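got a predicted structure here, sequence first:
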Protein chains: 2
Amino acid sequence: MNYAQFRRRLPVTGKNICEEIYRRHRGEIRIKKAATAVHNLEKIFQAALKISNRRGFQAMSMRDLSRETGLSTGALYAYFSSKEELLKMMQEQRRGIVARVLDQAVAGAAGPAEKLAAAIRAHLYLSEALQPWFYFSFMEAKNLPPSQKKAAVAGSRSTEKLLADIIADGVRTGVFTTPEPLLTASLIKAMLQDWYLKRGKYRARRLTVDRYAEFTITMVMAFLIPGIGASPARGKTLDDRQG
Amino acid sequence: MNYAQFRRRLPVTGKNICEEIYRRHRGEIRIKKAATAVHNLEKIFQAALKISNRRGFQAMSMRDLSRETGLSTGALYAYFSSKEELLKMMQEQRRGIVARVLDQAVAGAAGPAEKLAAAIRAHLYLSEALQPWFYFSFMEAKNLPPSQKKAAVAGSRSTEKLLADIIADGVRTGVFTTPEPLLTASLIKAMLQDWYLKRGKYRARRLTVDRYAEFTITMVMAFLIPGIGASPARGKTLDDRQG
DNA sequence: GTCTATATACGGATAGAC
DNA sequence: GTCTATCCGTATATAGAC
């Protein structure tokens, strides 16, 4: 499974997300024609992500959002009841997708090493496809009201637990060796996060998500599988390096 | 070198930082009695970090800061000319310290493996001592004016380059094996960042910075040193685990 | 459905008393 | 050095025309 295959199999796009958000908020959104609503929601979220990811959500004014979307501030309030509600809508959406995609990816793999690699790939590919959403979600998590914040932390922990459980299972079956499955999972998550938090840096270096995934998996396996040494898995990353 | 030793050797505290900031901004700060100025700067920065790290710097009003410090808004403006200036003062301070401490730590070690371990420890220990400053610096980096932002990115890259150079040197002398010194450095940095970005999580798990440092170093070395296997370096982390 | 115009509150920053 | 009082711009959100 590489990124191109992932995209073909799972078309996660902004439009997708907007349709789902519209369905979930049909009651509160005042626009009743689905086509209009989804089209404008796309413009709204795209603009909100663009402005927020540059200067922060708090710093984005409704006038900014109005200018960027081409809708008046009055019209915007037909799609959400307050700026905070907009933040909430954007935050809650991403969580469900991550859980679904990870579970699905892991279910399709046999054995701890394969499951772990599949989970790492799935997370990286998903965050690649939805990078602005992931970045936003991370950066604005602390600005959520307490109840939403708890949900965000819970979502983050469940990703970590999914990784830790795979690792612990590998240790039980003798495939992996580590005294600390949970801490190992935490460090893996840190590496996954770096991909969408420092996307600009990696893009400047012309590093693809496929190579990043291979490298991360190699590093993790070198640690978890005793005696794997340097050569075998590492060959893959050697293939396409520049110098 | 463990954290306790690091602290004894290098007393990096909030007060320290404030004294240095005062010296650097003596011209602009209107308060001329050093003792008063430093004392109040401490209150100001502590309050600003507390509020900002919870809700974001933009969301912190001068009235909030006034309430938390016990100083009036009028008085606050004797210490900085604008809210943006306050942000700038807080951001630029941290950078110098990191560079100084890392260089010093690396200089005191012989050989690539020792240098790398020393750099990892120094960064983790420093971010432990100044966690709110590190967290703030990361989260508010994107809100800086362009010139400051460039400086922030440069600082971040130089830390990465320091790690990458050590690794490349290790590869040259045959101590390490990796096709990608720079990418390896990036991933190490991601792990270092996780310590101060997710401090609450690790505290809840009763994980000390010393154990986090040992574990990180073990993981990195398992990858960089072929055939290190599972047992030798890993014994260290096994010593003090709970179950 | 979307616009313009506006109500109302809160933000950063300053002036001048003490 | 610090406070109180206040200026003035801009923020969110709404009302009502089209």
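It's in.

number of residues surrounding A:Phe215?
25 (other C-beta atoms under 10 Å in any protein chain shown). Where C-beta positions appear, they are placed from N, C-alpha and C, glycine not excepted.

and it, what element?
A:Phe215 belongs to helix A:209-224 when assigned by DSSP states H and E.

so for that helix, what's the average pLDDT?
In this model, helix A:209-224 has a mean pLDDT of 98.

and if you look at stretch A:90-109?
Stretch A:90-109 comes out at a mean pLDDT of 92.

residues touching the one residue in chain A that gets nearest to DNA strand C, list them.
Residue nearest to DNA strand C within chain A: A:Gly74 (2.6 Å; C-beta to the nearest atom of the strand). Applying C-beta atoms under 8 Å, 6 or more residues apart in numbering or on different chains to A:Gly74 gives no contacts.

swap in 10 Å and give it another go.
A:62, A:66 (C-beta atoms under 10 Å, 6 or more residues apart in numbering or on different chains).

quick one: it from DNA strand D, how far?
Distance from A:Gly74 to DNA strand D, counting by C-beta to the nearest atom of the strand, to the nearest Å: 3 Å.

CA atoms only for whatever helix or strand that residue lives in - export them in PDB, please.
If you go by DSSP H and E, A:Gly74 is part of helix A:73-76. Taking Å, rounded to 0.1, in the frame of the first residue of the first chain, the C-alpha atoms of helix A:73-76 are listed here in PDB:
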ATOM      1  CA  THR A  73     -20.900  38.100   7.500                       C
ATOM      2  CA  GLY A  74     -24.700  37.900   7.600                       C
ATOM      3  CA  ALA A  75     -24.700  35.000   5.200                       C
ATOM      4  CA  LEU A  76     -22.100  33.100   7.200                       C
END
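
what does chain A have sitting close to DNA strand C?
A:30-33, A:36-37, A:40, A:70-75, A:78 (C-beta under 7 Å from any atom of the strand).

wait, which of those is closest to DNA strand D?
Of all the residues of chain A next to DNA strand C, A:Gly74 has the smallest distance to DNA strand D: 3.2 Å, by C-beta to the nearest atom of the strand.

which residues touch A:Lys83?
Contacts of A:Lys83 by C-beta under 10 Å, 6+ apart are A:48, A:57-58, A:60-62, A:65, A:76-77.

do that again at 7 Å, thanks
A:Met62 (C-beta atoms under 7 Å, 6 or more residues apart in numbering or on different chains).

about what we covered before: just the buried ones from the residues of chain A next to DNA strand C, in PyMOL syntax?
The buried residues among the residues of chain A next to DNA strand C can be selected in PyMOL (16 or more other C-beta atoms under 10 Å in any protein chain shown) with this line:
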select buried, chain A and resi 31+37+40+71
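
restricted to helices, list the residues of chain A next to DNA strand C.
A:36-37, A:40, A:73-75 (DSSP state H).

nearest to chain B among these?
A:Thr73 (19.5 Å; C-beta to the nearest C-beta).

correct me, but A:Leu86 touches A:Tyr77?
No. With contact defined as C-beta atoms under 7 Å, A:Leu86 does not reach A:Tyr77; the gap is 9.8 Å.

looking at the two, which is more packed in?
A:Leu86 (22 against 16).

quick one, what contacts that one?
A:48, A:80 are the contacts of A:Leu86 under C-beta under 7 Å, 6+ apart.

any idea how far DNA strand D is from it?
8 Å.

can you give me the buried ones in the one helix or strand that residue maps to?
Using DSSP H and E, A:Leu86 sits in helix A:83-107. Buried residues in helix A:83-107, counting neighbours by 16+ other C-beta under 10 Å, are found at A:83, A:86-95, A:97-98, A:101-102, A:105-106.

cool, and stretch A:130-144?
Counting neighbours by 16+ other C-beta under 10 Å, stretch A:130-144 gives A:130-140, A:142-144 as buried.

now do that stretch: distance to the chain's middle.
9 Å (C-alpha atoms, centre = their mean, to the nearest Å).

can you check stretch A:97-116 too?
That offset, for stretch A:97-116, works out to 15 Å (C-alpha atoms, centre = their mean).

please see if that stretch touches chain B.
No. Using C-beta under 7 Å from any C-beta of the partner chain, stretch A:97-116 stays clear of chain B, coming no nearer than 14.4 Å.

which strands and helices sit next to the helix ranked longest in chain A?
If you go by DSSP H, chain A has its longest helix at helix A:146-172. Secondary-structure packing of helix A:146-172 (3 or more C-beta pairs under 7 Å, 6 or more residues apart in numbering or on different chains; DSSP states H and E): helix A:83-107, helix A:112-129, helix A:181-197.

please identify the buried residues of the helix or strand following the shortest one?
Just to be clear, that refers to helix A:181-197. Downstream of helix A:181-197, the next assigned helix or strand under DSSP H and E is helix A:199-204. By 16+ other C-beta under 10 Å, the buried positions in helix A:199-204 come out as A:199, A:202.

hey, C-alpha coordinates of helix A:199-204 in PDB?
The C-alpha coordinates for helix A:199-204 follow below in PDB (Å, rounded to 0.1, in the frame of the first residue of the first chain):
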ATOM      1  CA  ARG A 199       4.700  19.800   6.300                       C
ATOM      2  CA  GLY A 200       6.300  22.900   4.800                       C
ATOM      3  CA  LYS A 201       9.700  21.800   5.900                       C
ATOM      4  CA  TYR A 202       9.400  18.400   4.400                       C
ATOM      5  CA  ARG A 203       7.900  19.800   1.200                       C
ATOM      6  CA  ALA A 204      10.900  22.100   0.800                       C
END
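
quick one: check that helix for contact with chain B.
No. Using C-beta under 7 Å from any C-beta, helix A:199-204 stays clear of chain B, with a minimum separation of 7.6 Å.

just checking, what packs against that helix?
Against helix A:199-204 (3+ C-beta pairs under 7 Å, 6+ apart) you get no helix or strand.
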